[in-house]
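A.B. asks: Any chance you can model this:
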Amino acid sequence: MPLLTLADAQLSYGELPLLDRASFVMEAGERIGLIGRNGTGKSSLLGAIAGTLELDDGELRRNEGLRVALVEQEPRLPHAPTVRASLLLRGHIPSIHDERERWQAEARLTEFLHRFGLDESLSPDAASGGEAKRAALALAFALQPDLLLLDEPTNHLDISGIEQLEALVLRQPAAIVVTHDRAFLDRVCTRILELDRGMLRSYPGNYSSYERVKAGELAAEVVAQRKFDRFWAQEEAWIRKGIEARRTRNEGRVTRLERLREERAARRERLGSVKLTLGAGLRSGKLVAELTGVSKSYAGRPIVKDLDLLVSRGDRMGLVGANGAGKTTLLKLILGTLAPDAGRVRLGANVVPAYFDQMREALDPEKTVAETISPGSDWVELAGGRKHVMSYLGDFLFPPRRAQSTVRMLSGGERNRLLLARLFARPANVLVLDEPTNDLDIESLELLEAALQDYEGTLLLVSHDRSFLDNVVTQTLAPEGGGAWKEYVGGYTDYIRQSPPLRGGVARSAGVVGVASDASRGGERKRTKLSYKETRELESLPKEIESLEAEQQALVAKMHAPEYYRQPPDAMRADQKRNGEIDALLMQKLERWEALEAKAKAAAS
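C.D. replies: Numbers count the residues shown, from 1 in each chain. Next comes the predicted model:
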């Protein structure tokens, strides 16, 4: 029996239809990634499934007794003396009649608060957005729901927190996740559900599988629409012929034309895309910044210690690390806006930076959208020439009526787009982006990636989005503990391959920076050779991984076949389950292979 069924659902916000006769069925054991453009109604759909929002029409059927937990994009914590007390109220835990069950729920809540690194005595009124999000996640897992609903759960989490969240979601009975984190979707999801122009479309497999299928669908849609438009134009031309033609015209063609006109009017065009172009401005000198023996501490805690770093023109550097590791502080040191406690920072000639602020502090909430982009003028000066502010805002999906709205009225995603619009309107040869991916949908993310790849200046990027880092940066700067930082060639995946197993694996997954011992950081290291069993395992792992990948490819091809959905539901569930098992096995074997490879290299060195 399906876990839940949505049939012919309709939901509108003003004149905008969010759900337009949308339908889907969810089976137990599925982990669905819900994707779509910002503003298409993903959060509203989660609210309808959770029962916090009423559909305008249609039907939502859930299994009797189904326990659902929803973590909103910006969760609110009830007023209480502590975060723990607030979560007990939010989860209605005190109202659980069974004393043993209530005690177990409270114990699980304490456990997950510690897992997410939260002080349970913190006041909920003083909690930041990130702390409130982690608190709501802790409660959701503590409640052990049959269906977990997560709305942008990776926002405000560092990479170690995201990886921990992935492991927790993989153990859930069922989940629906709204996220722009493509690596998360690839590791966790067994199916992708796309909300596009009010309709839900289902794609088996993870996000990478969806991308391959979607590319073909979009190409076919463009061809079909062109054919339709050409046929429609021909029919319109025929109906408008002269008097003699109208006397003899075929009434069937007239009827068909009316039907075509109705279909043409009803067809909802694909939503516009953000248009991003970056001007590098005046060319900087070869040297952008040079840090020599730089150190910086706060309250006796070393953030940066004895750092030597050279940033050259054209570098594309990504900064990674846990929240609080000092990434933003290091950016300010590189830019010369923060003085070091010790050491020297030298800036190069003609350095013109543009800074994307993680906290959006650069936006005045009282100014209008148009004033924010071009104060006192109707024109924006771009690298390719002048552009009217309304036309420029249209490139970032702001309609003319939205241009006169104040910044305080914008959503998180709109503020992000506005900050990017203002940033890109000012040519700069050093682009500094501190968490630019929060609140952006996947399509906008990919367009931003393409723009950054074409950017000719220097890029400094702080991000917890692993796919974004892999697709944009050429070197990665990571904390090693105790204020030490080390530069690695390549993106995040390359950094993981190059970093030592303990620091790259256990330390990060635990959400702790610098827990490796002094010996493991490069002092006297005990050389441990591979055992005979480990040597044989290392030799066999590539073939096992290759076999699993081949099985998964064959399974995905089978699930994409046109006749696939005529199979019995049990067979489809079995295929989906096996696909998820293969994902988990591949991850385990790849991690084991990397660990054994690193051990073999350490023994040989």
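A.B. asks: Going by C-alpha atoms from here, please, whenever you check contacts or count neighbours.
C.D. replies: Fine.
A.B. asks: Which residues does stretch 39-58 contact?
C.D. replies: 6-12, 18-19, 21, 34-36, 60, 68-70, 72-73, 149, 151, 178, 195-198 (CA atoms under 8 Å, 6 or more residues apart in numbering).
A.B. asks: Got a quick PyMOL command for the buried subset of these?
C.D. replies: Buried residues among the contacts of stretch 39-58 (16 or more other CA atoms under 10 Å), as a PyMOL selection:
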select buried, resi 6+9+10+11+12+18+19+21+34+35+36+60+68+69+70+72+73+149+151+178+195+196+197+198
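A.B. asks: pLDDT weak spots in the stretch 151-300 of the chain?
C.D. replies: 221-225, 227-284 (pLDDT under 70).
A.B. asks: how about the helices in it?
C.D. replies: Assigned by DSSP state H, counting those that start in this stretch, the helices in the stretch 151-300 of the chain fall at 159-170, 182-188, 207-239, 243-247, 251-266.
A.B. asks: Next: the stretch 501-605 of the chain.
C.D. replies: 501, 508-509, 532-559, 569-604.
A.B. asks: nearest to residue 347, of these?
C.D. replies: Nearest of the helices of the stretch 501-605 of the chain to residue 347, taken as CA to CA: helix 508-509 at 32.7 Å.
A.B. asks: what's the model's confidence in the closest one, averaged?
C.D. replies: Helix 508-509 shows a mean pLDDT of 39 in the predicted model.
A.B. asks: Just send the helices of the stretch 501-605 of the chain back as a markdown table, with mean neighbour count and distance to residue 368 too.
C.D. replies: Converted to a markdown table, the helices of the stretch 501-605 of the chain look like this (neighbours: other CA atoms under 10 Å; distance: least, CA to CA, whole Å):
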| stretch | mean neighbour count | distance to residue 368 |
| --- | --- | --- |
| helix 501 | 19 | 50 |
| helix 508-509 | 20 | 42 |
| helix 532-559 | 14 | 48 |
| helix 569-604 | 16 | 47 |
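A.B. asks: Which of those sits closest to residue 98?
C.D. replies: Proximity to residue 98 (CA to CA) singles out helix 569-604 among the helices of the stretch 501-605 of the chain, at 33.9 Å.
A.B. asks: Output the contacting helices and strands for the closest one.
C.D. replies: helix 501, helix 532-559 (3 or more CA pairs under 8 Å, 6 or more residues apart in numbering; DSSP states H and E).
A.B. asks: the bottom helix or strand of the chain by mean pLDDT?
C.D. replies: helix 508-509 (a mean of 39; mean pLDDT, DSSP states H and E).
A.B. asks: And the strands in the stretch 51-200 of the chain, which stretches?
C.D. replies: Along the stretch 51-200 of the chain, the stretches classed as strands by DSSP state E, counting those that start in this stretch are 57-62, 68-71, 147-151, 175-178, 191-196, 199-204.
A.B. asks: Which positions in the last one come out as buried?
C.D. replies: In other words, strand 199-204. 199, 200, 202, 203, 204.
A.B. asks: do the same with stretch 87-104
C.D. replies: Under the neighbour-count criterion of 16+ other CA under 10 Å, stretch 87-104 has 87, 88, 89, 90, 91, 93, 102 buried.
A.B. asks: and residue 142, what is it in contact with?
C.D. replies: Here residue 142 is in contact with 105, 106, 108, 109, 112 (CA under 8 Å, 6+ apart).
A.B. asks: Of those, which is the most crowded?
C.D. replies: In terms of neighbours by other CA atoms under 10 Å, those top out with residue 109 at 26 neighbours.
A.B. asks: dump the residue contacts of that one.
C.D. replies: By CA under 8 Å, 6+ apart, the neighbours of residue 109 are 84, 138, 139, 141, 142, 143.
A.B. asks: Tell me the most packed of the residues you listed, by neighbour count.
C.D. replies: Going by other CA under 10 Å, residue 139 tops the contacts of residue 109 with 27 neighbours.
A.B. asks: hmm, back to that, so for residue 563, which of the strands of the stretch 51-200 of the chain sits nearest?
C.D. replies: Closest approach to residue 563 among the strands of the stretch 51-200 of the chain (CA to CA): strand 199-204, 13.9 Å.
A.B. asks: tilt between that closest one and helix 569-604?
C.D. replies: 60 degrees (axes from the mean of the first three to the mean of the last three CA atoms, to 10 degrees).
A.B. asks: relative orientation of strand 199-204 and helix 532-559 in degrees?
C.D. replies: For strand 199-204 against helix 532-559, the angle by the same axes, to 10 degrees is 140 degrees.
A.B. asks: follow-up on the earlier one: just tell me which of the strands of the stretch 51-200 of the chain ends up closest to residue 123.
C.D. replies: The minimum distance between residue 123 and the strands of the stretch 51-200 of the chain falls on strand 68-71, with 19.5 Å, by CA to CA.
A.B. asks: Where does pLDDT dip in this protein?
C.D. replies: Confidence mapping of the chain against pLDDT under 70 gives the ranges 14-15, 221-225, 227-284, 357-362, 383-384, 412, 500-528, 560-562, 564-565, 604-605.
A.B. asks: re earlier: tabulate the strands of the stretch 51-200 of the chain (a markdown table), appending distance to residue 469.
C.D. replies: Shown next, in a markdown table, are the strands of the stretch 51-200 of the chain (distance: least, CA to CA, whole Å):
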| stretch | distance to residue 469 |
| --- | --- |
| strand 57-62 | 39 |
| strand 68-71 | 26 |
| strand 147-151 | 22 |
| strand 175-178 | 20 |
| strand 191-196 | 23 |
| strand 199-204 | 26 |
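A.B. asks: I am finished for the moment; much appreciated.
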